[in-house]
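Trainee: can't give you the sequence, but here's the structure:
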């Protein structure tokens, strides 16, 4: 991929950090399967599966750990 | 989502932090599947499955790691 | 839940910390499925499954990471 | 459990720390399923399954993270 | 493997760090299964499976945690 | 096991650290299933399974986190 989609891990709020964690999680998928048609079809699969949704939330939690640390947990 | 649901990771007690970890875990799901009807149906699935419940507890544990660090483990 | 079940992450010994990690892991389940009857039934499932037991030990390991850090690893 | 099986996370060597990580991983299982007969039977299951062995190594890796941090990575 | 493929964890940007995390994730696979023909065939499997893609994104998230910490989260 | 296979987590390069992470991951398996014949047979299983290989890469990523931290990320 040649576009710049991740220039910083710093966000204004925890919520923006959580949403960035979602972006990272999806990019991890997209680098592995770049075909938008296939992705769309598979999305229908896991978005309607309890296990698939928990697994998605799991990856988001890991990326949020990274982003939260980067932002020193928005402590101040 | 346009509502502000996460403005801080700081909580008064470890228990409030644990409950916030649950909120994060559910939001990770909800961002992926926003339809409340589908969510309700799937919830019945994993809430009655040993594997599904362990997986839910797993994601909560990860988010609790983040929140506990943010609060310096409520040490003092 | 309105009862106070988690007021501190600090424990006297690593073993007490490990046992607190088990409490956290079970609470993660209980918040998701509060019905004691269902929980008891599902417990029979995973407590007799190699995969289920490894998954339980996995969640305990994550919560123990948090508690061990909170206690500065009981170093002194 | 009333016996004292974990009084410190400090070990002399990384290898002793790795072996302690194995002890923690097994204890996580044993607290969930205390019956030695059931455990022995299930052990035969996962010790002969590629997925089961990888999952066991996974939990050991997590507990080793904790123990390695406790020992400041045996750096000096 | 005798080639030098990992001489530093430091990258100029978070995005380059994320892409390095993908390299690490693939190398973890390649050390276990070095046969390019088998790898190519299996790639077709998981790149068309929702679970497989989430699992890939999961490993990337873990390696990105390491690389982000190495780069002090590209904070300045 | 009585042989000394892990005397330090310090390595000269990130790549040597990654390869040590692989050693740890395999040892985690070997402590659980010491029979070389069984291990060889199971290896054929997971080395030809997309899920098995991703799971292997997952454990390596976790052990690499530990080793990278031990080496202060080979920063200087």
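Mentor: Thanks, I have it. Predicted model, so just to flag it, every value in this text is computed and none were measured. Residues are numbered from 1 along each chain as shown, chains lettered A, B, ... in the order given.

Trainee: Was I right to think residue A:70 contacts residue E:73?
Mentor: Yes. Counting by C-beta atoms under 8 Å, residue A:70 does reach residue E:73; the two are 3.6 Å apart. The C-beta positions use only the backbone N, C-alpha and C, and glycine is treated the same way.

Trainee: Could you list the low-pLDDT ranges of chain A?
Mentor: A:1-2 (pLDDT under 70).

Trainee: Report the set of residues contacting both of residue A:70 and residue E:73.
Mentor: Counting by C-beta atoms under 8 Å, 6 or more residues apart in numbering or on different chains, the shared contacts of residue A:70 and residue E:73 are residue A:9.

Trainee: Kindly confirm whether my reading is correct that residue A:18 touches residue A:63.
Mentor: No. In this structure, residue A:18 is not within contact of residue A:63 by C-beta under 8 Å, at 9.1 Å.

Trainee: more neighbours, the two?
Mentor: Counted by other C-beta atoms under 10 Å in any protein chain shown, residue A:18 and residue A:63 do not tie: residue A:63 has more neighbours, with 31 against 23.

Trainee: burial count for the closest residue to residue A:74 other than its chain neighbours?
Mentor: Once flanking residues are discounted, residue A:74 sits nearest to residue A:14: 5.1 Å by C-beta to C-beta, 6 or more residues apart in numbering or on different chains. Per other C-beta under 10 Å, the neighbour tally for residue A:14 reads 24.

Trainee: Run through the residues that contact residue A:14.
Mentor: Residue A:14 neighbours (C-beta under 8 Å, 6+ apart): A:68, A:71, A:73, A:74, B:6, B:7, B:8, B:9.

Trainee: so who does the second one touch?
Mentor: This means residue A:71. Neighbours of residue A:71 in contact, by C-beta under 8 Å, 6+ apart: A:9, A:10, A:11, A:14, A:17.

Trainee: how about the helices in chain A?
Mentor: A:14-32, A:36-46, A:50-70 (DSSP state H).

Trainee: Narrow the contacts of residue A:14 to those that are buried.
Mentor: Buried members of these, counted by 16 or more other C-beta atoms under 10 Å in any protein chain shown: A:68, A:71, A:73, A:74, B:6, B:9.

Trainee: Which single one of those is nearest to chain F?
Mentor: residue A:68 (16.4 Å; C-beta to the nearest C-beta).

Trainee: these two touch, right, the closest one and residue B:9?
Mentor: Yes. Checked against C-beta under 8 Å, the pair residue A:68 and residue B:9 is within contact range at 6.8 Å.

Trainee: which neighbours do those two share?
Mentor: A:14, A:74, B:66, B:70.

Trainee: near chain E, which residues of chain A?
Mentor: Residues of chain A found near chain E (C-beta under 8 Å from any C-beta of the partner chain) are A:4-10, A:24-29, A:31-33, A:38, A:42-43, A:45-46, A:49, A:51-52, A:55-56, A:58-59, A:62-63, A:65-66, A:69-70.

Trainee: close enough to count as contact, residue A:28 and residue E:61?
Mentor: Yes. Between residue A:28 and residue E:61 there is a contact under C-beta under 8 Å: 6.3 Å.

Trainee: ok, now which ones touch the nearest residue to residue A:9 once chain neighbours are set aside?
Mentor: In space, residue A:9 comes closest to residue A:70 once its chain neighbours are excluded; the distance is 3.9 Å by C-beta to C-beta, 6+ apart. Applying C-beta under 8 Å, 6+ apart, we find residue A:70 in contact with A:9, A:10, E:68, E:73, E:74, E:75.

Trainee: before we move on, what about residue A:59?
Mentor: A:25, A:28, E:54, E:57, E:58, E:61 are the contacts of residue A:59 under C-beta under 8 Å, 6+ apart.

Trainee: do that again at 6 Å, thanks
Mentor: Neighbour list for residue A:59: A:25, E:57, E:58, E:61 [criterion: C-beta atoms under 6 Å, 6 or more residues apart in numbering or on different chains].

Trainee: Would you format those as CSV with neighbour count included?
Mentor: Formatted as CSV, those follow (neighbours: other C-beta atoms under 10 Å in any protein chain shown):
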residue, neighbour count
A:25, 27
E:57, 27
E:58, 24
E:61, 26
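
Trainee: Which members of those are the farthest-apart pair?
Mentor: For those, the farthest-apart pair by C-beta to C-beta is A:25 and E:58; their separation is 8.7 Å.

Trainee: Alongside chain B, which residues does chain A contribute?
Mentor: Selection of chain A residues close to chain B by C-beta under 6 Å from any C-beta of the partner chain yields A:14-15, A:18, A:22, A:47, A:50, A:53-54, A:56-58, A:60-61, A:65, A:68, A:73.
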